[in-house]
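Student: here's a sequence, model it:
(chains A, B, C and D)
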There are 2 protein chains.
Amino acid sequence: MLSNAAKYAIRSILYLAIHTDRKNKIGVKKIAEELSTPQPFLAKLLQQLSKSKLVSSTKGPNGGFFLSEANQQNSIWDIVENIDGTVKFEECFLGLKKCEDKNPCPVHHMAVPFKQKILSSFKDKTIDEFTREIELSGTVLTLKKLGI
Amino acid sequence: MLSNAAKYAIRSILYLAIHTDRKNKIGVKKIAEELSTPQPFLAKLLQQLSKSKLVSSTKGPNGGFFLSEANQQNSIWDIVENIDGTVKFEECFLGLKKCEDKNPCPVHHMAVPFKQKILSSFKDKTIDEFTREIELSGTVLTLKKLGI
DNA sequence: TCAAATGAAGATAAAAACATCTTTTTTGGA
DNA sequence: TCCAAAAAAGATGTTTTTATCTTCATTTGA
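Tutor: Numbering: from 1, shown residues only, chains lettered A, B, ... in the order given. Here you go, the predicted model:
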């Protein structure tokens, strides 16, 4: 459903939302270590996200990536769109071109409510709101601390 | 979640379940046309499924593919396993290695019930039962008739 | 001012997924 | 017996995804 790239991107942005701001930046190296993602690949991703104004960065010593207040007002869906586009997420579970309520594929009625749930969760909340939930519910972005 | 290959495979097998038996076989060409899938690619897939005893076939004139009674006792999950393996389906939605109830990723609680539903629907029913449901509920495998 | 840290950019590469082409084997029927 | 139809098998090609490497540009702070 999501490419590796999109998964890395989501996790990075949530990570940045929790650990950075304009005054506290983090470099790719650290981020990649914390999230256990391939470092050069993540660097590319963050570059793209930066160009698309989904994350912020500064160069030079003490530089790094961070989420500005503006960045925090985007949604997870904005990230997915930027990396994967919308197609993969919206298409039929069995690959039918015109699977819809009136001509459902055999798993349509199972797949649709789930997709809607995920979609609305990705679209309707800002990164900011999402992160606050994460902090409340104690969900997890990296499991490095737990020994993988 | 599912590769194209797995999607084609599932659709082919359900198609064969509905339209064939030991006496009424169908060739790749026809199947590929009906399901709008790339023909040589589907041929490869059916070969693999045949070698794994998930579909049956005979060579020569009037030959083709069909689902034997034994084949019909398999589950959709058997197909998925055979084509994609189990990993992609079971892994965390955000790619975490140890995402579980006690260390859930931010979308864990949404993703898990869905996966369980799909999984049990794929594991617990035989092809035979699945097809009967399809016939009852009028869900659709190909939309060729509808003009795509 | 300059060295070091950092992101940006572009080229390259490896692997997986997706797809096709060609040849061989089998087999029913004329 | 021989031909044509069909699957089986194996080689090859293409595209996308994933990943790395190298060089360049920028900025801070000593």
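
Student: separation between residue A:27 and residue A:20?
Tutor: According to Cβ to Cβ, to the nearest Å, residue A:27 and residue A:20 sit 11 Å apart. Placement of C-beta: from N, CA and C, glycine included.

Student: residue A:30: neighbour count?
Tutor: 15 (other Cβ atoms under 10 Å in any protein chain shown).

Student: ugh, typo on my part, it should be residue A:87
Tutor: Applying other Cβ under 10 Å, we find 7 residues neighbouring residue A:87.

Student: so what pLDDT did residue A:90 get?
Tutor: Here, the pLDDT recorded for residue A:90 equals 89.

Student: about what we covered before: any shared contact partners between residue A:27 and residue A:20?
Tutor: A:64-65 (Cβ atoms under 8 Å, 6 or more residues apart in numbering or on different chains).

Student: neighbour-wise, which of those two wins?
Tutor: residue A:20 (20 against 15).

Student: list the contacts for the more buried one?
Tutor: By Cβ under 8 Å, 6+ apart, the residues touching residue A:20 are A:26, A:64-67.

Student: at 7 Å what do you get?
Tutor: Going by Cβ atoms under 7 Å, 6 or more residues apart in numbering or on different chains, residue A:20 touches A:26, A:66-67.

Student: one more: residue A:1?
Tutor: Taking Cβ under 7 Å, 6+ apart, one finds A:88-89, B:1 in contact with residue A:1.

Student: how about residue A:51?
Tutor: Contacts of residue A:51 by Cβ under 7 Å, 6+ apart: none found.

Student: could you pull up phi and psi at it?
Tutor: When quoted as degrees, to the nearest 10, the phi and psi of residue A:51 stand at phi -60, psi -30.

Student: what's the separation between residue A:136 and chain B?
Tutor: Distance, residue A:136 to chain B, by Cβ to the nearest Cβ, to the nearest Å: 11 Å.

Student: is it correct that that residue falls within a helix?
Tutor: Yes: assessed by DSSP: H, G, I helix; E, B strand; the rest coil, residue A:136 belongs to a helix.

Student: burial measure for it, as a count.
Tutor: When neighbours are counted by other Cβ under 10 Å, residue A:136 registers 8.

Student: quick check, pLDDT for it.
Tutor: For residue A:136, the pLDDT comes out at 90.

Student: any chance of the contacts of residue A:1 in TSV, with secondary structure and distance to DNA strand D too?
Tutor: Formatted as TSV, those follow (DSSP: H, G, I helix; E, B strand; the rest coil; distance: Cβ to the nearest atom of the strand, whole Å):
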residue	secondary structure	distance to DNA strand D
A:88	helix	7
A:89	helix	12
B:1	coil	13
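
Student: make JSON lines out of those residues and add distance to residue A:72.
Tutor: Below are the contacts of residue A:1 laid out as JSON lines (distance: Cβ to Cβ, whole Å):
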{"residue": "A:88", "distance to residue A:72": "26"}
{"residue": "A:89", "distance to residue A:72": "23"}
{"residue": "B:1", "distance to residue A:72": "30"}
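
Student: return the member of those residues nearest to residue A:76.
Tutor: Comparing the contacts of residue A:1 against residue A:76 with Cβ to Cβ picks out residue A:89 as the nearest, at 11.4 Å.

Student: what sits against the closest one?
Tutor: With contact set as Cβ under 7 Å, 6+ apart, residue A:89 has these partners: A:1, A:80.

Student: what's the spacing between it and residue A:2?
Tutor: 8 Å.
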